[in-house]
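K.L.:
just the structure for this:
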Amino acid sequence: MVLGSCSDTPVDALTRPERLEAVARLLPRTAGTPAALQQFIDHVAGVLGAPCAGVSLILANAGVLTATHGVGGWLADAGGMPAEWAPCATVVCRDAPLLVADTHDDPAHIANPLVMITGVRSYAGVPLHLVGQAVGSLCVLSGLPGAFTEAHLDVLVALAPRAVELMRDAMGG
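P.N.:
The predicted model follows:
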């Protein structure tokens, strides 16, 4: 399943007030990743054999990385990226899983600055939901093409509720 970018969906997909209110409930209020969330994302990477994994929250114009495994450099330092660079934003816009087997063969991603700068070649991500709203994504990434399959998406779908639960716990409920 390879889907296009967020531009194929209604303009307000990321800016709906009820969605942004749900995102705000999960945004970190302190620096650093809570230990339980970090252990979880490390587990996700290990189970799926992924060099990189992340939990993101998607704002109207930016993706915030709330927990990562194997992500370094400028992306880790910044703690996120513009929404238009984030495959996770496409997941949220469409409220559906996204599997990109090879970003270099995908017109929606080949010119993406994230792909060009970091060398991401494959991506699998699923939506995270709070109060019926897609708020972010649980994802895995690799510098190798074809690293992920529909089976990886199935595992991510099964694990996604735990990511939301851990973020809610970190916010005190």
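
K.L.:
the helices in this protein, which residues?
P.N.:
Ranges of helices in the chain, per DSSP state H, are 17-26, 35-48, 73-78, 87-94, 113-118, 150-170.

K.L.:
among those, which is nearest residue 140?
P.N.:
helix 35-48 (5.2 Å; CB to CB). Every C-beta, even on glycine, is put in place using the N, C-alpha and C of the backbone.

K.L.:
for the closest one, what is the distance to the chain centroid?
P.N.:
Here helix 35-48 is found 14 Å from its chain centre; the criterion is CA atoms, centre = their mean, to the nearest Å.

K.L.:
and it, what's buried?
P.N.:
37, 38, 40, 41, 44, 45, 48 (16 or more other CB atoms under 10 Å).

K.L.:
ok, back up a step: so which of the helices of the chain is the most packed in?
P.N.:
Of all the helices of the chain, helix 87-94 has the most neighbours on average by mean count of other CB atoms under 10 Å, namely a mean of 26.

K.L.:
low-confidence ranges, the chain, go.
P.N.:
1-11, 173 (pLDDT under 70).

K.L.:
let me have the helices of the chain in JSON lines, extended by distance to residue 138.
P.N.:
As requested, the helices of the chain are arranged in JSON lines below (distance: least, CB to CB, whole Å):
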{"stretch": "helix 17-26", "distance to residue 138": "13"}
{"stretch": "helix 35-48", "distance to residue 138": "7"}
{"stretch": "helix 73-78", "distance to residue 138": "17"}
{"stretch": "helix 87-94", "distance to residue 138": "9"}
{"stretch": "helix 113-118", "distance to residue 138": "17"}
{"stretch": "helix 150-170", "distance to residue 138": "5"}
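
K.L.:
I'd like to know which of those helices is closest to residue 67.
P.N.:
Of those, nearest to residue 67 by CB to CB is helix 35-48, at 4.3 Å.

K.L.:
got the angle between that closest one and helix 150-170?
P.N.:
170 degrees (axes from the mean of the first three to the mean of the last three CA atoms, to 10 degrees).

K.L.:
put the alpha carbons of helix 35-48 into CSV.
P.N.:
What follows is helix 35-48, C-alpha atoms only, in CSV (Å, rounded to 0.1, in the frame of the first residue of the first chain):
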residue,chain,number,x,y,z
ALA,A,35,11.4,5.9,30.5
ALA,A,36,8.4,3.7,29.8
LEU,A,37,7.8,5.3,26.4
GLN,A,38,11.5,4.9,25.5
GLN,A,39,11.5,1.2,26.5
PHE,A,40,8.4,0.8,24.4
ILE,A,41,9.9,2.3,21.2
ASP,A,42,13.1,0.3,21.7
HIS,A,43,10.9,-2.8,21.9
VAL,A,44,9.1,-1.9,18.7
ALA,A,45,12.3,-1.5,16.9
GLY,A,46,13.6,-4.8,18.2
VAL,A,47,10.4,-6.7,17.4
LEU,A,48,10.3,-5.4,13.8
